[in-house]
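**Q** this is a predicted model, with the sequence first.
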Number of protein chains: 2
Amino acid sequence: MTITITAFERSPDGGKGLARDTRVRWALEEVGQPYEVRLVSFADLKAPAHLAINPFGQIPTYEEGPLSLFETGSIVFHLAETHDGLLPQDHDARARAITWMFAALNTVEPPILELAAARIQEGDRPWTEQRLPLVKDRIRARLDRLSACLGAAVWLDGAFSAGDLMMVSVLLRLRMSGILDEYENLSAYVARGEARPAYIRAFAAQLAVNAR
Amino acid sequence: MTITITAFERSPDGGKGLARDTRVRWALEEVGQPYEVRLVSFADLKAPAHLAINPFGQIPTYEEGPLSLFETGSIVFHLAETHDGLLPQDHDARARAITWMFAALNTVEPPILELAAARIQEGDRPWTEQRLPLVKDRIRARLDRLSACLGAAVWLDGAFSAGDLMMVSVLLRLRMSGILDEYENLSAYVARGEARPAYIRAFAAQLAVNAR
């Protein structure tokens, strides 16, 4: 059955690969599944047809025959569960890889989302300049621990998994801030993710849309 | 094999059930699994023994023989996957229930965490009073859509699932703010969660620790 995802016809980042469709494209490339893309405008997100697939009016969405999903975490997990390549076979190792997916999305990403909100939604407020260091310190509190945990390992728990795909994707959002550069091993970890052939193909595909 | 989770010996909320061990206790009660609790202090969270189980120094953790997990989402998913009662059998319905778990944790909870940070970590800052309405509006933007999606349904997608367990748990954090009261159907949805016998047992168990 054809897999169709949604992506922005013009991403707010202009093609830096930070819109969440890149995470799903990367997972699709890792598991070797072809896919089609339906491009949507910001106005389309609020249309009933889109809200019927993603009630929060976001991208990406995922359609495969009668199944339609939203939430990047859920889509990546669905692909990891139904194809080889993103989750280990061993039951305990699989549970730990899933743990890293949730850690990326619910422990590491929230303060990073806060930084984005501070800049984009509160960028013109008088308190923002003073407040940004506090928000950045909340991110560092997570990265200090993540960096200590990763140490000199290549990936978070053995072979590359959906947990690494998600953690690298979350950390990529920090590159522009300079915070990632403060952590040598996390920078190298992210670079290893970006060097994977599947990531390179996913990045190029989203850039092709945004460079038009 | 014995299941052991960690919880605060004194929860910051004094027993309101908002610490994340309640989510795991609830899932354990839904699937009918007995469990033991190892109580930890704030100092314990930073000890090497705890960081070896949860690198971010948080509760809860989950130990079952050789398997040790962290992240509430991952623990609840592990329980849902290995026992009946929290995920539907049908593959597509199961994928949608998992979608709601991720939606709770990565779309609805982040602005709620931001509100907590604004109050607890920035409560004494000069900008906080002016800033709180902006943060609350970011929560409302999510709840407007969630409320429209739930409509008059009892649960988010058919029978009660791990997705509902997580969404109700996330929304419970809003009760004190009054924002939940602005949404009649979401308030009733949360109340239905709290009325489940498994939730009642989980709440009582965490309260028994904190009422000592």
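**A** Yep, it's here.
**Q** longest helix in chain A, please.
**A** helix A:128-150 (DSSP state H).
**Q** for the spatially closest residue to A:E9 that is not a sequence neighbour, grab phi and psi.
**A** Using C-beta to C-beta, 6 or more residues apart in numbering or on different chains and skipping residues adjacent in sequence, the residue nearest A:E9 is A:L39, 3.9 Å away. In this view, the C-beta of every residue, glycine as well, is placed from N, C-alpha and C. Main-chain dihedrals, A:L39, degrees, to the nearest 10: phi -80, psi 140.
**Q** if A:L39 is in a bridge, with which residues?
**A** Judged by DSSP bridges, the bridge partners of A:L39 are A:A7.
**Q** the helices in chain A, which residues?
**A** A:21-30, A:42-45, A:48-51, A:72-82, A:91-103, A:109-120, A:128-150, A:162-172, A:184-194, A:197-210.
**Q** packing partners for the third one?
**A** In this case it means helix A:48-51. helix B:128-150 (3 or more C-beta pairs under 8 Å, 6 or more residues apart in numbering or on different chains; DSSP states H and E).
**Q** does chain B sit close to the longest helix of chain A?
**A** Yes. Using C-beta under 8 Å from any C-beta of the partner chain, helix A:128-150 reaches chain B at A:130-131, A:134, A:138, A:142, A:145-146, A:148-149.
**Q** output those in a markdown table; the columns should cover pLDDT, distance to B:G158 and neighbour count.
**A** Formatted as a markdown table, the residues of helix A:128-150 next to chain B follow (pLDDT from 0 to 100; distance: C-beta to C-beta, whole Å; neighbours: other C-beta atoms under 10 Å in any protein chain shown):
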| residue | pLDDT | distance to B:G158 | neighbour count |
| --- | --- | --- | --- |
| A:Q130 | 95 | 48 | 11 |
| A:R131 | 96 | 43 | 19 |
| A:L134 | 96 | 42 | 14 |
| A:R138 | 97 | 37 | 16 |
| A:R142 | 98 | 35 | 19 |
| A:R145 | 98 | 38 | 19 |
| A:L146 | 98 | 37 | 23 |
| A:A148 | 97 | 42 | 12 |
| A:C149 | 97 | 38 | 18 |
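**Q** which among those gets closest to B:D84?
**A** Ranked by distance to B:D84 (C-beta to C-beta), these are led by A:C149 at 33.4 Å.
**Q** now do the contacts for the nearest residue to A:A205 once chain neighbours are set aside.
**A** In space, and not counting its chain neighbours, A:A205 is closest to A:R25: 5.6 Å by C-beta to C-beta, 6+ apart. Residues in contact with A:R25 (C-beta atoms under 8 Å, 6 or more residues apart in numbering or on different chains) are A:5, A:7, A:35, A:201-202, A:205-206.
**Q** now those in TSV, with pLDDT?
**A** Output for the contacts of A:R25, formatted as TSV (pLDDT from 0 to 100):
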residue	pLDDT
A:I5	98
A:A7	97
A:Y35	98
A:R201	98
A:A202	98
A:A205	97
A:Q206	97
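**Q** show me the domain layout of chain A.
**A** A:3-85+A:198-210, A:91-196 (automatic domain parsing).
**Q** can you redo those domains as a markdown table with distance to B:I112?
**A** Shown next, in a markdown table, are these (distance: least, C-beta to C-beta, whole Å):
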| stretch | distance to B:I112 |
| --- | --- |
| domain A:3-85+A:198-210 | 14 |
| domain A:91-196 | 9 |
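**Q** the residue nearest in space to the middle of chain A and chain B: what is the separation?
**A** Centroid-nearest residue in chain A, with C-alpha atoms, centre = their mean: A:S169, separated by 3.9 Å. Distance of A:S169 to chain B, given as C-beta to the nearest C-beta, to the nearest Å: 12 Å.
**Q** swap in A:L45?
**A** For A:L45, the distance to chain B - C-beta to the nearest C-beta - is 11 Å.
**Q** isn't that residue up against A:G57?
**A** Yes. With contact defined as C-beta atoms under 8 Å, A:L45 counts as touching A:G57 (4.3 Å).
**Q** now do the shared contacts for the two.
**A** What both A:L45 and A:G57 touch, as defined by C-beta under 8 Å, 6+ apart, is the set A:L51.
**Q** what sits closest to A:C149 if chain neighbours are left out?
**A** A:C149 sits nearest to B:P55 (C-beta to C-beta, 6+ apart), 3.7 Å away.
**Q** ok, the one you found - contacts?
**A** Here B:P55 is in contact with A:145-146, A:148-149, B:70 (criterion: C-beta under 8 Å, 6+ apart).
**Q** got the phi/psi numbers for A:P60?
**A** Dihedral pair for A:P60: phi -90, psi 170, per degrees, to the nearest 10.
**Q** report how many residues lie close to it.
**A** Number of residues near A:P60 (other C-beta atoms under 10 Å in any protein chain shown) recorded here: 24.
**Q** any idea how far it lies from B:Q206?
**A** Per C-beta to C-beta, to the nearest Å, A:P60 is found 37 Å from B:Q206.
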